[in-house]
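Undergrad: Have a look at this prediction, sequence included:
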Amino acid sequence: MEHLAPAKFRIKDHVQFKIADDLLTGVIELTDFAHFSSKRCHSYSIFVEERGCSFLHVPEFDILKKIE
């Protein structure tokens, strides 16, 4: 069984991520893991204040960077 590397991001981190063709900025509310095409990876729930909602199960590979 494949082991997951440690998560790159933590709860309350401010991050920039992509959803479809949009670049969004938000705060990580929850960390988890997910399966995408038989590949396991960390996933996150990210709250985006401008949209007033959370994006669930955002895969780690869609998070572009942590904003300091």
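TA: Sure thing, it's come through. Numbers count the residues shown, from 1 in each chain.

Undergrad: could you list every residue that touches the nearest residue to R51 once chain neighbours are set aside?
TA: Once flanking residues are discounted, R51 sits nearest to L24: 7.5 Å by CB to CB, 6 or more residues apart in numbering. C-beta: built from backbone N, CA, C; applies to glycine. By CB atoms under 8 Å, 6 or more residues apart in numbering, the contact set of L24 is 16-18, 46, 48, 50-51, 55.

Undergrad: Which of the residues you listed fall in helices?
TA: Applying DSSP state H to those, no entry is found in helices.

Undergrad: Out of the residues you listed, which two are the most distant from each other?
TA: The span of the contacts of L24, defined through CB to CB, is set by K18 and E50 at 15.1 Å.

Undergrad: Which one's more surrounded, these two?
TA: K18 (13 against 8; other CB atoms under 10 Å).

Undergrad: List the contacts of the nearest residue to that one once chain neighbours are set aside.
TA: The spatial neighbour of K18 that comes closest, neighbours along the chain excluded (CB to CB, 6+ apart), is D62 at 5.3 Å. Shown in contact with D62 (CB under 8 Å, 6+ apart): 17-19.

Undergrad: and the residue lying closest to D32 once chain neighbours are set aside, how far is that from E68?
TA: Of all residues not flanking D32 in the chain, S43 sits nearest, at 5.1 Å (CB to CB, 6+ apart). As for S43, its distance to E68 is 23 Å (criterion: CB to CB, to the nearest Å).

Undergrad: higher neighbour count, the two?
TA: S43 (22 against 5).

Undergrad: What does D62 show for phi and psi?
TA: Per-residue torsions, D62: phi -90, psi 0 (degrees, to the nearest 10).

Undergrad: no wait, E49
TA: Backbone torsions of E49, given as degrees, to the nearest 10, read phi -60, psi -40.

Undergrad: Correct me if wrong: it contacts G26.
TA: Yes - E49 is within contact range of G26, at 7.2 Å (criterion: CB atoms under 8 Å).
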